[in-house]
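Trainee: okay, sequence plus prediction incoming.
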Amino acid sequence: MGNMKIKAKEKDGVVGVKAMFTSLMADKEEAEKKKIASEFITQIVAKNNGNVVFEVTTSGFMAENPLFKFSFKGKAGDKLEVTTTDNSGKTETETEVVK
Amino acid sequence: MFKLDLYKLITTSVALVLSSTLLYGGSDTSTLPGKYVSKMGAVDGGVTYPRKNGIYTAYRYNEQSTKGVNFGRLPTANELKAWDVDIMPDGTGLPDGEGSVSEGDELYEKQCSSCHGEFGAGGKGYPTLTGGNQEKLPNGVIKTLTNQRIEPGMEAPKRTIGTYWPKASTLIWYIRDAMPYAHPKSLSNNEIYAITAYLLAQDAIVIDGVEMDDEYVLNKEKLMKIKMPNENGFYPNIDGPNGVENVRKFFSDRAKNIGSGTRCMKDCKDLSTKGNEPTVMKIDNEITDVVPPYTTVRDLPPEIESKLESKAEKMYNDACKLCHGSDKMGAPVVGDIEAWNKVTQKGFEKVVHNAIDGMGGMPPKGGFENFTNSEVQMIVEFMINSSKKKQ
């Protein structure tokens, strides 16, 4: 199990995506207070069949395990690929077939 | 929301009242993992009452005679059958059925996510079902369960299916009997298995070495193989043929297993301080910034006794409360002692006159022209009386 849960469903030519990312989203200040290592996602990119459909820059201001919703034009069977980058530069990618 | 305020105490030698609950049996192997470690003279619970033959109970033992008390009759076989609907970890009572993670996903989205959040992650004011770090301490206790909010900014324990529930069978039982909240018992057995599969998959539960992907189908046999991450987080062990005996043994030594405190409400000494005189315990980080402020005064709302006043009260409720019940309209609020002190300084006659003729935002007779002058006077009396300091 990776660090994300993705759900992508098409309806009338629009794909609705819900995605949750497992991360403490603790920036340096918060991490110091909680005595844990600083850890947060800095960037999330979603590609549908290779085309970027969603891209955000994030930081520790977000709550733990952030949840995103976005939608784009597409169809069932499309291949959605989501990549996260964290503050240490580590990336993770997961793919989900649109339902 | 409460704002947490770090309250630095001048006395630095005070013991943190809660510290005893944070110790885990690391060095002492005889203690159970995560167990409450009682200390001498604990004031934070663990009060015991002696009963008989060295046995203690958590409650004062009722010594009243039970003579003449009727204990009812034995239940009939049918009554027993109707009650005997529990689902046990050994599979007793588990319904037959099966459902896949992806079927559960769809059902969950429609019937549960509005309250329990997407993916079971909570955030909507109802219990969070999934998530929470399942990492364990060396003694086997799930780390996030040991969280304590003893200082501002610290996290509370995270209790989800993944971190807290010891048995998966309970999930089937609970969902069958209690969910969805508004119309329980509406799900079929297959649907219950599907939703359970979905929730377990969100918590990355591994069944017999197999990860639960979208196509994973859960059924009775597979469910019984599940080992939940917090399976051993509870004591005493109540399962199996020795369950009852285990419980009896555990509670027979309350002093050791639960703690034997002396209830203390004032200037409580920390008897576990070594060497020096016992110090008086204090709360290190007290939350004081609350509305309404903390108070130890116990008083009831003003009492209205006489018939006359209750008629006045009724008229007040119907005609005047809309504006005088809260400070939104700029009217002196009934019950606000200070505001009414100011009003009555003008003299009772004048105040009644103002209520009858109106003043500022106050319409004549509150807008109820059919009220007689003496009725208005009666209501004003009621309002004034309800806004006096209690003797």
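Mentor: Done, it's in. Bear in mind that the values here come from a model prediction, so they are computed numbers and not experimental data. Residues are numbered from 1 along each chain as shown, chains lettered A, B, ... in the order given.
Trainee: I'd assumed residue B:192 was in contact with residue B:96.
Mentor: No. Contact criterion C-beta atoms under 8 Å: residue B:96 and residue B:192 do not qualify, at 11.0 Å. Every residue, glycine included, has its C-beta placed from N, CA and C.
Trainee: those two - which one has more neighbours?
Mentor: Per other C-beta atoms under 10 Å in any protein chain shown, whichever of residue B:96 and residue B:192 has more neighbours is residue B:192, with 23 against 9.
Trainee: which residues does that one contact?
Mentor: Residues in contact with residue B:192 (C-beta atoms under 8 Å, 6 or more residues apart in numbering or on different chains) are B:95, B:97, B:99, B:172, B:175, B:176.
Trainee: show me what contacts the second one?
Mentor: For residue B:97, the contacting residues are B:188, B:189, B:190, B:192, B:193, B:219, B:220, taking C-beta under 8 Å, 6+ apart as the criterion.
Trainee: show me where the chain has its strands.
Mentor: Using chain A here. A:4-11, A:14-21, A:41-48, A:51-57, A:67-73, A:79-86, A:91-97 (DSSP state E).
Trainee: ah, I was thinking of chain B
Mentor: Going by DSSP E, chain B shows strands at B:49-50, B:56-57, B:98-100, B:206-207, B:210-211, B:217-219, B:269-270, B:279-280.
Trainee: report all helices and strands that the third one contacts.
Mentor: The elements that strand B:98-100 packs onto, with contact taken as 3 or more C-beta pairs under 8 Å, 6 or more residues apart in numbering or on different chains; DSSP states H and E, are helix B:189-202, strand B:217-219.
Trainee: other residues contacting it?
Mentor: The contact list for strand B:98-100 (C-beta under 8 Å, 6+ apart) reads B:190-197, B:214-220.
Trainee: for it, the distance to its chain's centre please.
Mentor: With C-alpha atoms, centre = their mean, to the nearest Å as the basis, the distance from the averaged C-alpha position of strand B:98-100 to the chain average is 34 Å.
Trainee: next, the buried residues of stretch B:264-278.
Mentor: The neighbour-count check on stretch B:264-278 (16 or more other C-beta atoms under 10 Å in any protein chain shown) flags B:268, B:270, B:271 as buried.
Trainee: what is the nearest of those to residue A:81?
Mentor: residue B:270 (58.7 Å; C-beta to C-beta).
Trainee: so that closest one makes contact with residue B:282?
Mentor: No. Using C-beta under 8 Å, residue B:270 is not in contact with residue B:282; the gap is 9.6 Å.
Trainee: domain assignment for chain B?
Mentor: Split into domains by automatic domain parsing, chain B comes to B:1-84, B:98-225, B:311-386.
Trainee: got JSON lines for these, with mean pLDDT and distance to residue B:275 too?
Mentor: Formatted as JSON lines, those follow (pLDDT from 0 to 100; distance: least, C-beta to C-beta, whole Å):
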{"stretch": "domain B:1-84", "mean pLDDT": "57", "distance to residue B:275": "12"}
{"stretch": "domain B:98-225", "mean pLDDT": "89", "distance to residue B:275": "25"}
{"stretch": "domain B:311-386", "mean pLDDT": "90", "distance to residue B:275": "51"}
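Trainee: those: which one's closest to residue B:236?
Mentor: domain B:1-84 (8.5 Å).
Trainee: residues near residue A:89, how many?
Mentor: Neighbourhood size, residue A:89 [other C-beta under 10 Å]: 7.
Trainee: wait, residue B:171 touches residue B:199, no?
Mentor: Yes. Counting by C-beta under 8 Å, residue B:199 is a contact partner of residue B:171 at 6.8 Å.
Trainee: for those two, indicate the residue with more neighbours.
Mentor: residue B:199 (27 against 23).
Trainee: so how far is chain A from that one?
Mentor: Relative to chain A, residue B:199 is positioned 12 Å away (C-beta to the nearest C-beta, to the nearest Å).
Trainee: now residue B:101
Mentor: Relative to chain A, residue B:101 is positioned 12 Å away (C-beta to the nearest C-beta).
Trainee: got the contact list for that residue?
Mentor: Residue B:101 neighbours (C-beta under 8 Å, 6+ apart): B:194, B:197, B:198, B:201, B:212, B:213, B:214, B:215, B:216, B:218.
Trainee: and if you look at residue B:96?
Mentor: Under the criterion of C-beta under 8 Å, 6+ apart, the contact list for residue B:96 reads B:189, B:219, B:220.
Trainee: so which of those comes closest to chain A?
Mentor: Set against chain A, the nearest of those by C-beta to the nearest C-beta is residue B:219 (21.5 Å).
Trainee: would you mind measuring from the residue nearest to the closest one when sequence neighbours are not counted to residue A:59?
Mentor: Spatial nearest neighbour of residue B:219, excluding adjacent residues (C-beta to C-beta, 6 or more residues apart in numbering or on different chains): residue B:98 at 3.9 Å. Distance of residue B:98 to residue A:59, given as C-beta to C-beta, to the nearest Å: 44 Å.
Trainee: ditto for residue B:250
Mentor: Counting by C-beta to C-beta, the gap from residue B:250 to residue A:59 is 49 Å.
Trainee: so which of these two has more stuff around it?
Mentor: Set residue B:250 next to residue A:59 and count neighbours by other C-beta under 10 Å: residue B:250 wins out with 17 against 12.
Trainee: identify the spatial nearest neighbour of the more buried one, chain neighbours not counted.
Mentor: Using C-beta to C-beta, 6+ apart, the nearest residue to residue B:250 is residue B:236, at 3.9 Å.
Trainee: ok, that neighbour - contacts?
Mentor: Contact analysis of residue B:236 by C-beta under 8 Å, 6+ apart lists B:246, B:247, B:249, B:250.
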